[in-house]
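Novice: build me a model:
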Amino acid sequence: MKPRPIPIRLATAHRGHDHRAMAQFPGVDQPLRSGRGPDRESAIAAALHRTCIFYADPDLEREVILAEIRGADLVLLLDDITLRPVAA
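Specialist: Predicted coordinates:
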């Protein structure tokens with residue numbers, strides 16, 4: 001049986017080629033994790049303790065970039081290595 005997707009609150013930032021991501025997992029023992037990488041996806045994967053991540057929807061990558069520009073957090077669902085919008 002496949003586990004259910006878990007909600008995360010994600011924030012990303014970058015300075016030059018140094019990308020950072022912070023992931024918050026509500027109701028988990030280690031609720032806040034951070035990651036760094038040479039690109040946004042690597043930093044997000046590191047924060048989520050995954051080797052890689054994929055966006056379920058091409059528009060989701062755009063939403064992540066816009067949230068980073070605005071300095072806002074996004075609430076997403078993590079389904080193994082796939083990030084999904086909450087409404088999906």
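Novice: longest strand anywhere in this structure?
Specialist: What stands out as the longest strand in the chain, according to DSSP state E, is strand 6-15.
Novice: mind listing what's buried in stretch 69-86?
Specialist: Residues of stretch 69-86 classed as buried: 74, 76-79, 82-84 (neighbour count, 16 or more other C-beta atoms under 10 Å). Every residue, glycine included, has its C-beta placed from N, CA and C.
Novice: what of stretch 33-49?
Specialist: Buried, per 16+ other C-beta under 10 Å, within stretch 33-49: 33, 35, 37, 40-48.
Novice: out of these, list just those in helices.
Specialist: Counting by DSSP state H, these place 40-47 in helices.
Novice: tell me the one of the residues you listed nearest P26?
Specialist: Nearest to P26 out of those is A47 (C-beta to C-beta; 14.9 Å).
Novice: would you check that that closest one makes contact with Q24?
Specialist: No: applying C-beta atoms under 8 Å, one finds A47 not in contact with Q24, separated by 9.5 Å.
Novice: how close does R15 get to L60?
Specialist: 23 Å (C-beta to C-beta, to the nearest Å).
Novice: quick one: which of the two has more around it?
Specialist: Each of R15 and L60 has its neighbours counted (other C-beta atoms under 10 Å); L60 has more, 18 against 7.
Novice: ok, what's across the strand from F54?
Specialist: In this entry, F54 is beta-bridged to T82, by DSSP bridges.
Novice: that one reaches R84, doesn't it?
Specialist: No: in this structure F54 lies outside contact range of R84 using C-beta under 8 Å: 9.9 Å.
Novice: name the single longest helix found in the protein.
Specialist: helix 58-70.
Novice: buried residues in it?
Specialist: So helix 58-70, judged by 16+ other C-beta under 10 Å, has buried residues 60, 63-64, 67-68.
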